[in-house]
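Chemist: Below: sequence and its predicted model.
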Amino acid sequence: MPEVNALARIREDLKEMVGKPVKLRANRGRKRVFEVDGILEQTYPHVFVVRWCDRQTERRTSYNYADLLTKEVELSLQEEDEGSHSASATG
């Protein structure tokens with residue numbers, strides 16, 4: 001059951017990133033890619049939530065941890081001083 005362990009590791013890594021600025025890149029199929037800078041707002045047992053602003057409206061999107069494992073979603077931590085580094089989906 002290596003996939004279950006990988007999902008648990010991803011979940012634990014994201015718990016440490018809650019409240020921090022992140023860059024989200026999600027593959028929406030047929031060459032459509034969604035990119036946004038936001039805040040990792042919360043983690044739940046099966047999903048995580050990213051909050052971001054679209055013009056004047058605050059929005060939230062949720063994704064499951066398997067999306068990171070399958071690379072449908074990429075999430076990277078944004079650091080003010082050091083640029084950014086990618087959150088590891090597989091360790």
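Modeler: Looks like it came in fine.

Chemist: contacting residues around P21?
Modeler: D37, G38, I39, L77, Q78 (CB atoms under 8 Å, 6 or more residues apart in numbering). Glycine gets a C-beta too; all of them are placed from N, C-alpha and C.

Chemist: Most neighbours among those, which one?
Modeler: Comparing the contacts of P21 by number of neighbours (other CB atoms under 10 Å), G38 comes first, having 20 neighbours.

Chemist: where does that one fall, helix, sheet strand or coil?
Modeler: Secondary structure, DSSP: H, G, I helix; E, B strand; the rest coil: G38 is strand.

Chemist: And it, how far from L14?
Modeler: Note on G38: its distance to L14, by CB to CB, to the nearest Å, is 13 Å.

Chemist: one step back: and of the contacts of P21, the nearest to L68?
Modeler: The nearest member of the contacts of P21 to L68, counting by CB to CB, is L77 at 12.9 Å.

Chemist: wait, isn't the closest one in contact with V18?
Modeler: No - using CB atoms under 8 Å, L77 is not in contact with V18, being 11.2 Å away.

Chemist: Show me the helices in the chain, by range?
Modeler: 2-17, 65-69 (DSSP state H).

Chemist: With respect to burial, which of the ones you listed scores highest?
Modeler: Highest mean neighbour count among the helices of the chain (mean count of other CB atoms under 10 Å): helix 65-69, with a mean of 19.

Chemist: Return the set of residues that bridge with the most centrally placed residue in the chain.
Modeler: Nearest residue to the geometric centre of the chain (CA atoms, centre = their mean): L75, 3.9 Å. When bridges are called by DSSP bridges, L75 pairs up with L24.
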